[in-house]
Structures are given as structure tokens and as C-alpha cells.
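Undergrad: give me coordinates for this.
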Amino acid sequence: MIYRSKAPLRIGLAGGGTDVSPYSDTYGGAILNTTISHFAYASLQPLQDNVIQLISIDQHCEERYEWTNHIPVSGKTALLQGVYNRIQRDYGLPLTGFTLTTYCDAPAGSGLGTSSTMVVAILGAFVEMLKLPLGDYDIAHYAYEIERQDLQLAGGKQDQYAATFGGVNFMEFYGNDQVIVNPLRIRQEYIHELENNLVLYFTKTSRASAAIIEEQQSNVKNSIESSVEAMHQLKEQSRMMKEALLKGRLHEIGEILDYGFQQKKKMASQITNSFLEETYEAAKKAGATGGKISGAGGGGFMIFYCPDNTRYQVIETLQRLGGEVKPYQITQHGLTTWTTP
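TA: Predicted structure coming up:
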């Protein structure tokens, strides 16, 4: 038997960064995001031998261990190791070997929530194999604890919930790890128009999100007024985006994105750089009405809203800058698991 899972990556449309503690704990955060048709995959295959094989295909890494209930965490398979260790600690696994194989459609550090989505996918494979009685909120919170507490990786809370629930969601974040996921019932023609007008662009650069997030957290802890006020404005941006999508005021989306991008740059010094600024301005000159850097910032993917038929000129402009426009669709389903003989 092989136990499989897949979880969708996400793009944030508004409110990015307000899901990160201590801001969310102190003031409450709000984010609007949507999952897309790029995925993280995980497969678990039991073995007759008492060995553990961890294979990360996209990281070009394969490791083999004699059966143990704890694997030292290091290297390119740290996410796989971390999930295994936590599952073993909390539930125990049969004294048998297995192969855990993972793959992600987007590179690490690209700003689409790849690490958190991968943790959700790996968890999903173990849930499928062990038939664990975990609901969506349980899995998302479990993934958050593994990544943020066990592995000590800096970041927020939205990615784990987006990957688990899927779809277009307005998420609220409060103290004591309280999260409320509000699925949005958006008319299908609005979804089609959003997909048509929203261009996903990979800059072919990556970034170390931890340093950006740590500066953002420090600014909140030290009550740096400009940074905290920017986050208040981003929280309000998420409500503006929600209303525009639900009421079909799609002509406002570019301006709402642009407003959020200007605010986000005030949160930490490394969110943008000269290359990203030049890319953003080039897209706007070609017809985009707004956009943003995906994820924590610093590189990776960018999105641009291109109304009417401006997407074609924007795409041509972006491709001349050396990056790659990625096709995608908005997905309605989150974590999916299944078993195959």
C-alpha cells in the first residue's frame, strides 16, 4: 500500500504579516488568501526492512536510517524529520520501516508558503496511514506547532490553514493561537476574472524569510510606530479586499494591492529591493494597476493585477526582465489524502 497526500500552495491577496506573533496576539490579525493549482506532495510506503528512507525529490536529497523513534533534525529533509519525530512522539508508529517521498511544485523560499504546505502534506500522509482522528483545524494547528515550535522556523500562521482548508478564505488570528477560517462564497464569474487578471510571476530569486520576519517581530515588540501602523493598515486592507471580491468590485483590486504593497514595505527593511521595485514599476507602466511580493518579501514570486486585456503586455514586459510567468488556477480544495494498492 502507498499512502498519498497533496496540499495546495497559496497566494496572499491582503493582510500579509498580520498573522505573525506578537502582532496577531496583541492586536489581532486578518488575511485574505487563496490556494492555487501548485502543490506539495507526500507519499508513505511501508517497507519489510526496519529502515527509514527520506526522499525529497525537488531538493535532490535522499537519506537512510536504521529504524529509530527520533531522527536528528538537519539538512534538506528537516521538514520530513520534524514531522516524523512529532508523530512518533505523540502517536507512536509500528516497528516497521517506510519510505517517505516528497515533492513541491515551487522552490523553497519562493513566497508561496512552500515549507508550511509541505509540512501539511507530510502530516496528511501520516494521518492517512495511521487513520488519525484529526480535523482540518487540528491538522493546521499541528503543522503550525511542528514548524514554529519543534523546528523553530520563523513565520506566521496563515500558510498551514490555507494548505489544509483550500479555497479563498478570510482568516482571523488572535491570541492563544486562536484562528478562524471564513470561506468566502465568491461568484464563479468573479473567480474567473480574478484568475484572468492576476498574473503570477517568478522572479527567479529567493530570499531568507526568517530575517525579514524576525525584524518585523522586533519592530512590534519595540513598538516601532511606523511598522505597527503599517500592519494596522494591512489588516484593514484585507477587509477592503474581502468586500471587493464578494461584491464583484474587481476594478478596485489593483489599487487595493498597490496600497497594501506600499504599507508592507514599512514593516521591515528587507521586504523589497531595487530589483523588485524596478520589476513592480515596469509592470505598472505596462498596464498593471497594482501588485505585491508574495510571502514575507525579499524575492520569490510577485503577483500583478492586470485589468481589461493588459495582462498580455504585462506578461511580455515581465518576461523581458528574465523571470517566468507561471500559469495557475484558483483551487477550491485543500489537503487531500488517499490510499493506493
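Undergrad: so which elements touch the helix or strand containing Phe126?
TA: According to DSSP states H and E, Phe126 maps onto helix 114-130. Applying 3 or more CB pairs under 8 Å, 6 or more residues apart in numbering; DSSP states H and E, we find helix 114-130 packed against strand 2-14, strand 29-47, helix 78-90, strand 97-104, helix 136-145, helix 158-165, strand 336-340. Any C-beta I mention is one placed from the backbone N, CA and C, and that applies to glycine too.
Undergrad: for Glu255, find the nearest of those.
TA: Checking the helices and strands packed on helix 114-130 against Glu255 by CB to CB gives strand 2-14 as the closest, at 11.8 Å.
Undergrad: check which residues of the helix or strand that the closest one is followed by are buried.
TA: Under the assignment DSSP H and E, the closest C-terminal helix or strand after strand 2-14 is helix 23-27. Within helix 23-27, the residues that count as buried by 16 or more other CB atoms under 10 Å are Tyr23, Ser24, Asp25, Tyr27.
Undergrad: pull the CA atoms of the helix holding Phe126 into PDB?
TA: What follows is helix 114-130, C-alpha atoms only, in PDB (Å, rounded to 0.1, in the frame of the first residue of the first chain):
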ATOM      1  CA  THR A 114       6.100  26.000   0.400                       C
ATOM      2  CA  SER A 115       7.500  24.900   3.800                       C
ATOM      3  CA  SER A 116       4.300  25.000   5.700                       C
ATOM      4  CA  THR A 117       2.400  23.400   2.800                       C
ATOM      5  CA  MET A 118       4.900  20.600   2.700                       C
ATOM      6  CA  VAL A 119       4.500  20.000   6.500                       C
ATOM      7  CA  VAL A 120       0.700  19.800   6.000                       C
ATOM      8  CA  ALA A 121       1.200  17.300   3.100                       C
ATOM      9  CA  ILE A 122       3.500  15.100   5.100                       C
ATOM     10  CA  LEU A 123       1.100  15.200   8.000                       C
ATOM     11  CA  GLY A 124      -1.700  14.200   5.700                       C
ATOM     12  CA  ALA A 125       0.200  11.100   4.600                       C
ATOM     13  CA  PHE A 126       0.700  10.000   8.200                       C
ATOM     14  CA  VAL A 127      -2.900  10.800   9.000                       C
ATOM     15  CA  GLU A 128      -4.000   8.600   6.100                       C
ATOM     16  CA  MET A 129      -1.700   5.700   7.100                       C
ATOM     17  CA  LEU A 130      -2.500   5.800  10.800                       C
END
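Undergrad: give me the contacts around stretch 299-312.
TA: For stretch 299-312, the surrounding residues in contact (CB atoms under 8 Å, 6 or more residues apart in numbering) are 11, 106, 109-112, 196-203, 205-207, 250-251, 253-254, 257, 273, 276, 279-280, 283, 286-295, 314, 318, 326.
Undergrad: one more pass at 6 Å, please.
TA: Stretch 299-312 is contacted from outside by 11, 110-112, 197-203, 205-207, 253-254, 257, 283, 287-294, 314, using CB atoms under 6 Å, 6 or more residues apart in numbering.
Undergrad: among those residues, which ones are in helices?
TA: The members of the contacts of stretch 299-312 that map onto helices under DSSP state H are Asn197, Ile253, Gly254, Leu257, Ala283, Val314.
Undergrad: could you export those as JSON lines, including neighbour count?
TA: Conversion of the ones in helices among the contacts of stretch 299-312 to JSON lines gives the following (neighbours: other CB atoms under 10 Å):
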{"residue": "Asn197", "neighbour count": "22"}
{"residue": "Ile253", "neighbour count": "23"}
{"residue": "Gly254", "neighbour count": "22"}
{"residue": "Leu257", "neighbour count": "23"}
{"residue": "Ala283", "neighbour count": "27"}
{"residue": "Val314", "neighbour count": "24"}
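Undergrad: so which residue is smack in the middle of the chain?
TA: Most central in the chain under CA atoms, centre = their mean is Gly113, positioned 2.2 Å from the mean C-alpha point.
Undergrad: what's the neighbour count on the nearest residue to that one once chain neighbours are set aside?
TA: Distance criterion CB to CB, 6 or more residues apart in numbering; nearest residue to Gly113, sequence neighbours excluded, is Asp159 at 3.5 Å. Asp159 has 30 neighbouring residues, counting by other CB atoms under 10 Å.
Undergrad: pretty sure Asp159 contacts Ser116?
TA: Yes: with contact defined as CB atoms under 6 Å, Asp159 counts as touching Ser116 (3.4 Å).
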